[in-house]
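A.B. asks: I'll drop the sequence and a predicted model, then ask my questions.
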Amino acid sequence: MKPPADGSRRRPSPATEVGEEPTAAAGRPGVLVELMLLLLWFLLFTRLDAAVGKDFAAAAANALALQATERAVHLDIELSANGWLAGNPVLGHLAVYLYRLYYVVVLAVLLWVFIRHAGVYRQVRRTMVAMMVLVLPVYWAAPMSPPRFALPGAVDIVARYDILDQDSRDGWTNPSHHTAMPSLHVGWALWCAYAVWFALRGRHPRLALLSWLFPLLMAADVLATGNHYVLDIVGSLVLLAASVGAASVWGRLAARRGRVSFWH
């Protein structure tokens, strides 16, 4: 392309300067390739997640240490929240629905960003992938038993009202139930909020802020159902922040290399 007649250079658009794809064509990858790679990645993550959290003794010891830390700083609210929900069957059922079906919201947000906000899709998807990459070493290094196992007097709300007719106390033989730190339920809710906020913040800033109500609701849910501690939720916030940073670095590196055919 020839330069302007006055010899000046065109400035890149603001979206280009901050690393966002300015057009749908640039931001949205091919549907079939994206779907295939996402499915393969989720399958790999599921396999890797199943391989961690098997040290039940360490998970119980870590849970006791976390409980002691929370008591020292007066954050140990899990048992009172759990007891309150156990006495409210209607809310208990609703909490289990949210706990079991949250992934529908995750898939819907990912699809919505892909179709309606392609310019930010890669950053959102990179953040999702980064979350899964970063959480696995934590699960491996620090297995954690949830309150429903490790906190005396806690009621397993999900087991009581489970819509899938499964006893979540089989977690003693299911390693995914010993990876409470950080909470991925809250982590995915935070990712959903971040994705919606990132997509809407320019044109609808006030509406974008409402998306953060979802992780607040999920945090209350996992606390009251006996699935996570307060510090697990703090860990989820740290995980999202680290993942956003990693995704931004990933995007800058991809921009420097230029467009390539591989997943980026």
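C.D. replies: Looks like it came in fine.
A.B. asks: use CA for all of it now, contacts and neighbours both
C.D. replies: OK.
A.B. asks: which residue is nearest the middle of this structure?
C.D. replies: Taking CA atoms, centre = their mean, the centroid of the chain lies closest to residue 188, which sits 2.4 Å from it.
A.B. asks: Tell me which helix or strand that one sits in.
C.D. replies: Following DSSP states H and E, one finds residue 188 within helix 184-200.
A.B. asks: Show me what that helix is in contact with.
C.D. replies: Helix 184-200 is contacted from outside by 99, 102, 105-106, 109-110, 113, 117, 120, 124, 127-128, 205, 207-209, 211-215, 218-219, 222, 233, 236-237, 239-240, using CA atoms under 8 Å, 6 or more residues apart in numbering.
A.B. asks: One more pass at 6 Å, please.
C.D. replies: Contact with helix 184-200 is made by 124, 208, 211, 212, 215, 218, 219, 236, as judged by CA atoms under 6 Å, 6 or more residues apart in numbering.
A.B. asks: And for the fourth one, nearest residue in space, chain neighbours not counted?
C.D. replies: By that I understand residue 212. Of all residues not flanking residue 212 in the chain, residue 193 sits nearest, at 5.0 Å (CA to CA, 6 or more residues apart in numbering).
A.B. asks: for the stretch 51-200 of the chain, what are the low-confidence residue spans?
C.D. replies: Along the stretch 51-200 of the chain, the model assigns pLDDT under 70 to residues 165-177.
A.B. asks: tell me which strands and helices the helix or strand hosting residue 238 is in contact with?
C.D. replies: Using DSSP H and E, residue 238 falls within helix 230-257. With contacts defined as 3 or more CA pairs under 6 Å, 6 or more residues apart in numbering; DSSP states H and E, helix 230-257 has these neighbours: helix 121-141.
A.B. asks: Nice, that's everything, thank you.
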